[in-house]
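Chemist: when you get a sec, could you give me coordinates for this:
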Amino acid sequence: MANRFLPIGIQDFEDLRNRGAVYVDKTHLVYKLATEGKPYFLSRPRRFGKSLLLSTLEAYFLGKKDLFKGLAIENLEKDWIQYPVIKISFGANSYENNARLKARLNAILTEAEEKYQIQKNSEDAAERLSQIIHSVTKKTGKQVVILIDEYDKPILDALYTEYEEQNRQELRSFYSPLKDCDQYIRFLFITGITKVSHVNIFSGLNQLNDISLTQSYSSICGVSESELEKYFMPEIEALAERQEMSLEETKAKLAQMYDGYHFTHNVEGVYNPFCLLKCFSDKDFGSYWFESGTPSLLVKTLQNQPVELTNIVNGRFANENQFKNYDPDSKNMLPVIYQSGYLTIKDFEKETRLYKLDFPNREVEEGFLDVLLKKFITVPYDDIGLEINNLRVALRDRNLDRALNIIKSAIADLPTVVKKDMCENYYESVTHLMFRMTGWRVVSELQNVCGRSDVVVASKDSVFIFELKMDKGRPFEEVAEEALAQIDENGYSQRFAVSGKEMYKVALVFSSEGKGLLGWKAKE
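Modeler: Sure thing, here's the model as predicted:
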């Protein structure tokens with residue numbers, strides 16, 4: 001362990017190799033990319049190793065053979081031909097307005113012009129890029145390799161502002177030479193978090209091979225289960241010792257916290273590499289992905305799109321087109337949530353070709369639900385953690401009045417982000433969120449042969465079956481009795497009868513006028 005160096009935050013392949021850091025060998029996939037195709041696109045969540053992958057590709061195409069000593073590609077590549085490489089990255093800046101983007105484009109192009117001693121002949125970014133590609137090919141006698149990192153950041157930084165469309169148009173123009181210069185390009189690789197529709201960005205670049213959902217490249221970024229044990233057993237053993245856990249318990253906890261990403265169906269799960277390395281370094285199970293940066297894309301999306309939370313928090317089925325491409329003109333927020341890493345593929349129905357999307361792991365689930373709670377309920381910011389802990393204790397102690405008073409205070413009024421005709425969905429969703437944040441097992445819309453219960457919460461010793469009803473101008477007692485009767489008539493409690501747990505049937509009555517939880521009635 002004393003001689004092992006974990007490359008936390010290192011995105012440069014040459015630096016990583018020169019430091020002797022632990023490296024999960026992906027070079028067989030680098031060789032496969034380089035020899036089987038030319039124009040590629042890959043979307044992956046943040047902190048997933050996209051920049052390191054591009055840096056590895058850069059070192060390979062620059063012919064830096066010594067850096068690959070001992071890696072898989074050493075036995076695959078025989079020629080090690082050096083190609084001129086143009087690397088374009090938007091990761092270093094923020095692009096809240098068009099001026100910032102133009103300044104970054106100028107800096108990128110100026111660097112390339114100086115590197116290859118090319119005289120600037122225009123102020124237009126697209127013309128300059130075209131001239132660079134042509135001139136470099138002419139000077140070197142070789143085709144150019146173009147690597148584009150975080151291509152979508154200028155769009156995401158300006159999301160839902162007046163500059164979003166301006167930045168999109170700027171990038172569309174900038175990328176336009178890539179198709180016309182195809183004969184001069186040896187290899188093109190583009191990465192980002194989202195896949196913005198090609199119509200909007202890569203105008204005419206229809207030949208891009210999108211490998212984001214391709215089985216053979218599903219683990220090109222991240223750490224697979226087999227790679228975890230192959231490369232990190234010393235760290236797993238040290239973590240187990242610090243946490244006073246067995247190796248099996250430690251591996252199970254790692255999987256629960258950081259595994260679970262599937263970028264297509266029927267493939268090995270992938271761990272978030274940043275979280276793994278931080279966990280091994282700190283020897284603790286922290287929420288490293290959310291702590292590493294504000295989920296601004298998620299917050300922006302939630303603020304500007306109608307939200308049906310039950311479609312997110314309970315898992316949902318979708319066809320590929322519903323989550324593969326982000327269309328700025330669409331109201332569909334699913335692609336942004338999926339591609340940002342908050343949801344992943346958990347199942348696939350071959351007959352219908354529907355994918356089940358759900359949270360990849362506990363870290364992401366807890367962080368996502370925390371963001372939702374802070375946005376959609378009225379509990380003061382500093383009190384959310386405390387209130388959730390109090391709710392957990394109240395359910396543990398079977399103190400229904402205390403538990404439901406916490407929920408009542410949290411959703412006293414309908415927030416302005418929710419339309420009145422969506423309030424029933426809102427109340428059910430937020431009630432579900434608050435219960436789910438307690439850590440107890442929670443299911444909404446639990447299917448039964450006779451119907452569906454709204455929310456079921458199972459604590460260590462108890463099961464709570466909640467039926468949510470809107471008053472619709474009717475007396476509280478009438479609505480509450482109807483809800484309790486529905487629980488009995490539909491047999492919601494039957495599946496839990498053999499559990500031996502104390503069972504509570506609870507009617508929650510909400511205001512149809514957006515005035516929150518009016519009251520509750522329970523029976524055992």
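
Chemist: where does the stretch 251-400 of the chain dip in pLDDT?
Modeler: Low-confidence segments of the stretch 251-400 of the chain (pLDDT under 70): 292-299, 301-315, 328-329, 331, 373-385.

Chemist: which residues in it form strands?
Modeler: Assigned by DSSP state E, counting those that start in this stretch, the strands in the stretch 251-400 of the chain fall at 270-271, 316-318, 344-349, 354-358.

Chemist: now those strands as TSV including mean neighbour count and distance to residue 216?
Modeler: From N, CA and C alone the C-beta is placed, and that goes for glycine too. Shown next, in TSV, are the strands of the stretch 251-400 of the chain (neighbours: other CB atoms under 10 Å; distance: least, CB to CB, whole Å):
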stretch	mean neighbour count	distance to residue 216
strand 270-271	26	14
strand 316-318	17	23
strand 344-349	17	16
strand 354-358	20	18
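
Chemist: now render these as JSON lines, adding distance to residue 162.
Modeler: Converted to JSON lines, the strands of the stretch 251-400 of the chain look like this (distance: least, CB to CB, whole Å):
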{"stretch": "strand 270-271", "distance to residue 162": "37"}
{"stretch": "strand 316-318", "distance to residue 162": "31"}
{"stretch": "strand 344-349", "distance to residue 162": "33"}
{"stretch": "strand 354-358", "distance to residue 162": "32"}
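
Chemist: residues near residue 124, how many?
Modeler: 12 (other CB atoms under 10 Å).

Chemist: list the contacts for it?
Modeler: Counting by CB atoms under 8 Å, 6 or more residues apart in numbering, residue 124 makes contact with residue 173.

Chemist: 7 Å instead?
Modeler: Listed by CB atoms under 7 Å, 6 or more residues apart in numbering, the contact set of residue 124 is empty.

Chemist: where's it relative to residue 146, distance?
Modeler: To residue 146, residue 124 is 18 Å away according to CB to CB, to the nearest Å.

Chemist: go on, residue 52?
Modeler: Counting by CB to CB, the gap from residue 52 to residue 146 is 18 Å.

Chemist: so between those two, which is more surrounded?
Modeler: For residue 52 versus residue 146, neighbours defined as other CB under 10 Å are more numerous around residue 146 (24 against 20).

Chemist: give me phi/psi at that one?
Modeler: Backbone torsions for residue 146, taken as degrees, to the nearest 10, come to phi -120, psi 120.

Chemist: ok, it touching residue 184?
Modeler: No. Using CB atoms under 7 Å, residue 146 is not in contact with residue 184; the gap is 9.8 Å.

Chemist: wasn't residue 58 part of a helix?
Modeler: Yes. Residue 58: assigned to a helix according to DSSP: H, G, I helix; E, B strand; the rest coil.

Chemist: which residues touch it?
Modeler: Applying CB under 7 Å, 6+ apart, we find residue 58 in contact with 85, 87, 147.

Chemist: of the residues you listed, which belong to strands?
Modeler: 85, 87, 147 (DSSP state E).

Chemist: list the contacts of the last one.
Modeler: Same thing as residue 147. Contacts of residue 147 (CB under 7 Å, 6+ apart): 54, 57, 58, 85, 87, 88, 189.

Chemist: at 10 Å instead, please
Modeler: By CB atoms under 10 Å, 6 or more residues apart in numbering, the contact list for residue 147 reads 51, 53-55, 57-58, 61, 85-89, 187-191.

Chemist: burial check on residue 393, number of neighbours?
Modeler: Residues near residue 393, counting by other CB under 10 Å, number 13.

Chemist: then the one 3 residues further on?
Modeler: Residues near residue 396, counting by other CB under 10 Å, number 15.

Chemist: now the nearest residue in space to it that is not next to it in sequence: how far from residue 55?
Modeler: Distances taken as CB to CB, 6 or more residues apart in numbering place residue 459 nearest to residue 396, at 5.6 Å, with adjacent residues excluded. As judged by CB to CB, residue 459 and residue 55 stand 48 Å apart.

Chemist: surely residue 485 and residue 507 touch.
Modeler: Yes. Contact criterion CB atoms under 10 Å: residue 485 and residue 507 qualify, at 9.1 Å.

Chemist: the stretch 51-200 of the chain: helices as residue ranges?
Modeler: 98-115, 125-140, 153-157, 163-175, 177-180 (DSSP state H, counting those that start in this stretch).

Chemist: for residue 365, which of these is the nearest?
Modeler: Closest of the helices of the stretch 51-200 of the chain to residue 365 is helix 153-157, at 22.6 Å (criterion: CB to CB).

Chemist: what does the closest one rub up against?
Modeler: Contacts of helix 153-157 (CB under 10 Å, 6+ apart): 46, 89-98, 100-102, 104-105, 150, 163-168, 170-171, 174, 192-194, 196, 200-201, 296-297, 300-301, 326, 328, 336, 340.

Chemist: please redo it, this time with the cut-off set to 6 Å
Modeler: Here helix 153-157 makes contact (CB atoms under 6 Å, 6 or more residues apart in numbering) with 90, 94, 95, 96, 101, 167, 168, 297.
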